[in-house]
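sequence below, structure please.
(chains A and B)
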Number of protein chains: 2
Amino acid sequence: MKTRIITISREFGSGGRTVGKQTAKLLGIPCYDQEVIEKVAQESGFAKEFIKERGEYTPYGGWFAQALTGRSARGTSPQDDLWVIQRKVILELAEKPCVIVGRCADYILREEADLLKAFIYADMEKRADRIVRLYGETEEAPIKRLKDKDKRRAAYYNFYTDTQWGSVHSYHISLDSGALGIDKCSEILASLY
Amino acid sequence: MKTRIITISREFGSGGRTVGKQTAKLLGIPCYDQEVIEKVAQESGFAKEFIKERGEYTPYGGWFAQALTGRSARGTSPQDDLWVIQRKVILELAEKPCVIVGRCADYILREEADLLKAFIYADMEKRADRIVRLYGETEEAPIKRLKDKDKRRAAYYNFYTDTQWGSVHSYHISLDSGALGIDKCSEILASLY
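Predicted coordinates for the structure are as follows:
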């Protein structure tokens, strides 16, 4: 396959964002992660924290909250509006070669012939160790934080796409960054470009 | 990670066996596939066809048939006996560096520190095309053949292991051979050795 765009879906704490940055660096192309949030903020007026959270996670309470929270009379929620703007921003960014991390970019760009869809994950122990190292301790135990993030991210993905988050069939390649290492994952993805 | 053994789980028609053979060739180590069946036949007295089928697939009828078919008074079935012998053969083969295709080798060898677990898959269309090309037409439509094989192979795996067949977390790397190509998949696996 010919690759021009790489999307990276990732489990929280797996280092998927770092894999994205490193892959892009190896290829000399941009990597969009925080930049998507900033561009959506400019275009929508939504606060960055809202975009960061609600452009990738369901609210607490699962699909029920997802389906009902803040719906207007015309049946859409602010989260739905965010989805539409986020989609537009991602389609614009993908006009030139790049790496895009998260935000259902794999699904949004699924019609692109030259798209490589990657999923980065790791076991709980390695991810817990990483989030404590990077983000510090919180009152909530790291495993509980991870489980909550996984659940809400998967619920968001499954709600807005017709594919399953974390199922091999949603991606072209899935890599365990805990076992293979972040550098090796980046090299493999760059070699597929 | 240090790799000494590579196990390849694969969807029927994905070319996973060919990936295994090619990877082993690149590394100059043996690939065991048919050889496992022959060794099990020698040690058990079971017919090769029985081993081929019942060492990787549940009988028709799903877990219910799986759980009940041919159980003796002591509660085991010929398939359980086959599992025990197959497990022993795989542990023996894995004493030296090699590639092993299928037969739950990933689960059987899970305690090995230097094991790389790979899953090879492809979309239905590419697999249907491949099985018709390799094995010819049959009365049963190719998509139906694939779905049946997938279902019975997953049921077998889930029955004898405590992990999920085809879930990213059961493997270190999952590759879509239809999108990436069989040669590229083999190169990636060899590069992880």
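
can you pull out the low-pLDDT segments for chain A?
A:1-2, A:60-75 (pLDDT under 70).

in it, what residue comes closest to chain B?
residue A:174 (4.0 Å; CB to the nearest CB). Using the backbone N, CA and C atoms, a C-beta is placed for each residue, glycine as well.

OK, contacts around that residue?
By CB atoms under 8 Å, 6 or more residues apart in numbering or on different chains, the contact list for residue A:174 reads A:118-121, A:168, B:119, B:168, B:171, B:173-174.

list the contacts for the most centrally placed residue in chain A?
For chain A, the residue sitting closest to the mean C-alpha position, by CA atoms, centre = their mean, is residue A:102 at 1.6 Å. Residue A:102 is in contact with A:8-10, A:16-17, A:33, A:36, A:56, counting by CB under 8 Å, 6+ apart.

got the residues of chain A near chain B?
Residues of chain A lying close to chain B (CB under 8 Å from any CB of the partner chain) are A:1, A:119, A:121, A:123, A:166-169, A:171-176, A:179-181, A:184, A:187-188, A:191-192.

pretty sure residue A:126 is touching residue A:180, no?
No: taking contacts as CB atoms under 8 Å, residue A:126 lies outside contact range of residue A:180: 11.1 Å.

between those two, which one's more packed in?
residue A:180 (20 against 16; other CB atoms under 10 Å in any protein chain shown).

sorry, back to before: need the buried ones from the residues of chain A next to chain B selected in ChimeraX.
Restricted to buried positions by 16 or more other CB atoms under 10 Å in any protein chain shown, the ChimeraX selection for the residues of chain A next to chain B reads:
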select /A:119,121,166,167,168,171,172,173,174,175,176,179,180,181,184,187,188,192
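
keep only those of the residues of chain A next to chain B that are in strands.
A:119, A:121, A:173-176 (DSSP state E).

which residues are in contact with residue A:98?
A:5-6, A:24, A:29-32 are the contacts of residue A:98 under CB under 8 Å, 6+ apart.

could you rerun that using 7 Å?
By CB atoms under 7 Å, 6 or more residues apart in numbering or on different chains, the residues touching residue A:98 are A:5, A:29-32.

how near is residue A:156 to residue A:82?
Using CB to CB, to the nearest Å, we find residue A:156 at a distance of 11 Å from residue A:82.

between the two, which is the more surrounded one?
In terms of neighbours (other CB under 10 Å), residue A:156 is the more surrounded of residue A:156 and residue A:82; the figures are 23 against 18.

sorry, back to before: mind putting the contacts of residue A:102 into CSV with secondary structure?
Converted to CSV, the contacts of residue A:102 look like this (DSSP: H, G, I helix; E, B strand; the rest coil):
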residue, secondary structure
A:8, strand
A:9, strand
A:10, strand
A:16, helix
A:17, helix
A:33, coil
A:36, helix
A:56, coil
